[in-house]
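Student: Sequence and predicted structure below; questions after.
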There are 2 protein chains.
Amino acid sequence: MRLLLLSNSTAPGRRYLEHATDEIAALLDGARSLLFVPYALADHAGYTAQVAAALAPLGVTVTGAHAVPDQAAAVREAEAVFVGGGNSFRLLKALHERGLAPAIRERVTAGDLPYLGSSAGTNMACPTLRTTNDMPIVQPPTFEALGLVPFQINPHYLDAKPDTAHMGESRAERLEQFLEENDVPVVGLREGTWLRREGDRLTLGGIAAGALLFRRGGQEPEELAPGADLSPLLTERHRFDAPAAAQG
Amino acid sequence: MRLLLLSNSTAPGRRYLEHATDEIAALLDGARSLLFVPYALADHAGYTAQVAAALAPLGVTVTGAHAVPDQAAAVREAEAVFVGGGNSFRLLKALHERGLAPAIRERVTAGDLPYLGSSAGTNMACPTLRTTNDMPIVQPPTFEALGLVPFQINPHYLDAKPDTAHMGESRAERLEQFLEENDVPVVGLREGTWLRREGDRLTLGGIAAGALLFRRGGQEPEELAPGADLSPLLTERHRFDAPAAAQG
């Protein structure tokens, strides 16, 4: 199985996908075409054009899934797939309603199709949508996602409260709430970082800021540096809907 | 129908609910007991104790819904109900699974039970969960909520991008995505503000920062000042799941 899961598609001062060009080229490994899934944004054609322009320097031709008559067939014939960011709920609804979820899951888990995700597309690689930052603007038929890794990822991880006048929860507090209800590790990917899976090997990449690993149990999250080998996360047990304690 | 819908439960430097004490007293209007719905947080007993302490100065006795054998019956007998903040998904799941949603909706819409909500409890007063800021840590059976008002509310509304290094969407961008999929007005309640409904009359209250009204159509959101009469929002038509344009 070959995955590249980006926290974000655009780094400050860089062009779309530019910060990860080398990693994307390594993932695509000579592929000449790519199927793009644009459903996280409303403007499918415009979004596909943006991706096509970004990947043209790699010699890759991009087709938008919205533009083909049989999307599941397009997945079966693709050399690589990219699921782009935007709104995760809108994206997951489309993946289920258009038959893309089983088609992508089958070929990617068979090691037959490299998968590139950014932001919401990275959320989709998890077992569920449950650690997205997005607003639930539409209702997907289920929160179950592609399950290309067995743990959860929180993209765009932010360390502090965004604003001291803001009385909502911090990101870490939100993830603690997730862990109250689910016994599943969560990797908080800071901006500019990514996860790379090659078969049974999982590695953190990107800028020095790195990532955080959250687990149930109340201890501080673990700091992860670029290059960290996270392969043990691929075999760890997880339990969704397992409340932490008797909630009197 | 009598509602008080707070953006936040705690203002900077103030005790829990302190910033809205006068409004809460006006809503309760002499009620001596209140049923508290604690399900947005994991610690139901601790949360109920916090609310009991905050409302004791008003002479109100607080019962936690988790502590009564028949919760729907408790709603039928209540003098007032308070749905507290925390995680909206966890709260909505509990409201549906425990039979609280129809019981609360029936008495509140009949004008028979004053409703106090803060943060997630304010989200619950809307037709759906779709403009919450919370993480979808559990999957509720539906996104449909209590529908005590016909429009959507975004509590804890934040004006700017929380951090310029953060490449995720701003709050306004998230609400624009909501409006791409739904033709429903959204009131963005800044911290320290609230909505008060008395029958057919809806008013904005709280600090001078006020609120923003978002509508489909691309124009700038409308600034609303404390005291603004928003009653027309109570009769305006709304359409969920109505994409803005052909999404080619």
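Tutor: Received, thanks.

Student: roughly how far apart are A:M1 and A:G199?
Tutor: Counting by Cβ to Cβ, to the nearest Å, the separation of A:M1 from A:G199 is 6 Å. Bear in mind the C-beta positions are built from the backbone N, C-alpha and C, glycine included.

Student: can you pull out the strands in chain A?
Tutor: Remark: strands assigned in chain A by DSSP state E are A:2-6, A:33-37, A:61-64, A:81-83, A:115-118, A:152-157, A:186-190, A:193-198, A:201-206, A:211-214, A:222-224.

Student: Is chain B within reach of the third one?
Tutor: The one in question is strand A:61-64. No: under the criterion of Cβ under 8 Å from any Cβ of the partner chain, strand A:61-64 makes no contact with chain B; the nearest approach is 9.0 Å.

Student: Name the strands paired with that strand and say parallel or antiparallel.
Tutor: Sheet pairing of strand A:61-64 (DSSP bridges) gives strand A:33-37 (parallel).

Student: Where does pLDDT dip in chain A?
Tutor: The model of chain A has pLDDT under 70 over residues A:160-168, A:218, A:246-248.

Student: follow-up on the earlier one: can you list residues touching both of A:M1 and A:G199?
Tutor: Both A:M1 and A:G199 are contacted by A:G111, under the criterion Cβ atoms under 8 Å, 6 or more residues apart in numbering or on different chains.

Student: Looking only at neighbour counts, state which of these two leads.
Tutor: A:M1 (19 against 10; other Cβ atoms under 10 Å in any protein chain shown).

Student: Now for the closest residue to that one other than its chain neighbours: which residues touch it?
Tutor: Closest residue to A:M1 apart from its sequence neighbours, by Cβ to Cβ, 6 or more residues apart in numbering or on different chains: A:G111 at 5.1 Å. Taking Cβ under 8 Å, 6+ apart, we find A:G111 in contact with A:1-2, A:199.

Student: Can you tell me which of the residues you listed is closest to A:E169?
Tutor: Distance to A:E169, by Cβ to Cβ, is smallest for A:M1 among those, at 33.6 Å.

Student: Cross-check the contact I'm expecting between the closest one and A:G147.
Tutor: No: when contacts are counted by Cβ atoms under 8 Å, A:M1 is not listed as touching A:G147 (11.2 Å).

Student: Roughly how far does the closest residue in space to A:L4 that isn't next to it in sequence sit from chain B?
Tutor: In this structure, A:L4 finds its nearest non-sequential neighbour in A:L27, 4.4 Å apart by Cβ to Cβ, 6+ apart. According to Cβ to the nearest Cβ, to the nearest Å, A:L27 stands 20 Å off from chain B.

Student: which residues of chain A fall in helices?
Tutor: If DSSP state H is used as the criterion, the helices of chain A fall at A:21-28, A:44-55, A:71-77, A:88-97, A:100-109, A:120-123, A:171-181.

Student: Which elements pack onto the last one?
Tutor: Looking back up the chat, that one is helix A:171-181. Contact here means 3 or more Cβ pairs under 8 Å, 6 or more residues apart in numbering or on different chains; DSSP states H and E; on that basis helix A:171-181 packs against strand A:152-157, strand A:186-190, strand A:211-214.

Student: With that, I have no additional questions.
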